[in-house]
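Student: Using only what follows, build the 3D model:
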Amino acid sequence: MDGVSTPDVPLQSRVVDDKSPICIPFILSKIEAHKKKYPQEQKPFIIGLNGVQGVGKTTLVRALQETLQHRQGLQTLVVSIDDFYLPHAEQLALAAAHPDNGLVQYRGEPGTHDIPLLTQFFSSLLAGQPTHVPSYNKSAFSGLGDRAPESQWQPINLPGTPKIQVIILEGWCIGFRSLDPAVLETKWKEPDTRTLHNHTLEQLSFVNDSLKKYDVVTNMFDAFIHVDAEDTEYVYEWRLQQEKQLRQQMGSGMTDEQVLKFVDAYYPAYELYCDGVREGIFRGAESKKGCQLRLVVGRDRSVQYKVVI
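Tutor: All right, here's what the predicted structure looks like:
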């Protein structure tokens, strides 16, 4: 597969958390600057975190939450974009409405999230109101997934409990912004794309148009962390390694062919929107200059360099 191999080195030995020592001081400095600039402001500080699949995002998020919650005394909530996928019935309806568009037949791409729910959730948190954190069950309906019943959602900001002070919204597509139609077409016509030619321009345009709705939340971010890769095609190798380890440990998991198809379903968005994230998601917002941290990792997932944007 285009030179991708799966070394027999255990995955844990190659995942080293060299990201937290860079990200934690950056976030702490932004929170401190925010407090000084807005001493009377009570709304929570919102962090967006984008990490390509398999890069070690979970370890980084855990370390950030641990530091903010237990060492800094800041009531911190971690939320995944995955918990805002459309309910099963709505996802089926979306797929049926666009039967020829492989990008929306299953959850994953922009357009398969419940943006009204996500927006309402953040608006409630910003107002300090009692809120419930949505939850998504990926194993429901034989892996197609469905939203968990509201009775299972975590309650926060209840009377008599500490208010949420920091929110981390993490996910593979966090911070993606839609492209101008002319730019989208130019990217689609490029001869060396990996997956864009698997889809028509109209199909890609549907996802691109859907992505505009995500801006309302992206614009709420006070800081942003982007864990990037020197080559985004590393995601294929990393996912292959993860599934290989899963098969060894659990006796089951996706085959290599299934992994490739799985990543192919996400990869068009990487090809379209990663450049925009690298240039900075706060472009034109002078007050947020220097609020984005980009870490670039190599094939072994170790940080090669950082950029503050």
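
Student: quick one: buried residues of stretch 34-52?
Tutor: By 16 or more other CB atoms under 10 Å, the buried positions in stretch 34-52 come out as 43-52. No exception for glycine: its C-beta is placed from N, CA and C like everyone else's.

Student: Switch the residues you listed over to CSV; also include distance to Lys213 and secondary structure.
Tutor: Shown next, in CSV, are the buried residues of stretch 34-52 (distance: CB to CB, whole Å; DSSP: H, G, I helix; E, B strand; the rest coil):
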residue, distance to Lys213, secondary structure
Lys43, 22, coil
Pro44, 22, coil
Phe45, 23, strand
Ile46, 18, strand
Ile47, 21, strand
Gly48, 16, strand
Leu49, 20, strand
Asn50, 17, strand
Gly51, 22, strand
Val52, 23, coil
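
Student: Please convert those residues to TSV, extending it with pLDDT.
Tutor: Shown next, in TSV, are these (pLDDT from 0 to 100):
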residue	pLDDT
Lys43	89
Pro44	95
Phe45	96
Ile46	97
Ile47	98
Gly48	98
Leu49	98
Asn50	97
Gly51	92
Val52	88
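
Student: list the contacts for the residue nearest to Ser178 when sequence neighbours are not counted?
Tutor: By the measure of CB to CB, 6 or more residues apart in numbering, the closest residue to Ser178 outside its immediate chain neighbours is Leu211, 4.1 Å from it. Going by CB atoms under 8 Å, 6 or more residues apart in numbering, Leu211 touches 110-111, 176-178, 273.

Student: Could you list which of these belong to helices?
Tutor: Judged by DSSP state H, helices contain the following of these: Tyr273.

Student: Output the buried residues of stretch 34-52 as JSON lines; include the columns distance to Val183.
Tutor: Below are the buried residues of stretch 34-52 laid out as JSON lines (distance: CB to CB, whole Å):
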{"residue": "Lys43", "distance to Val183": "34"}
{"residue": "Pro44", "distance to Val183": "34"}
{"residue": "Phe45", "distance to Val183": "32"}
{"residue": "Ile46", "distance to Val183": "28"}
{"residue": "Ile47", "distance to Val183": "28"}
{"residue": "Gly48", "distance to Val183": "22"}
{"residue": "Leu49", "distance to Val183": "25"}
{"residue": "Asn50", "distance to Val183": "20"}
{"residue": "Gly51", "distance to Val183": "24"}
{"residue": "Val52", "distance to Val183": "21"}
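
Student: if we can go back for a sec, roughly how far apart are the residue nearest to Ser178 and Thr218?
Tutor: 10 Å (CB to CB, to the nearest Å).

Student: Buried residues of stretch 61-74, list them for me.
Tutor: Buried residues in stretch 61-74, defined by neighbour count with 16+ other CB under 10 Å: 61, 63-65, 67-69, 72, 74.
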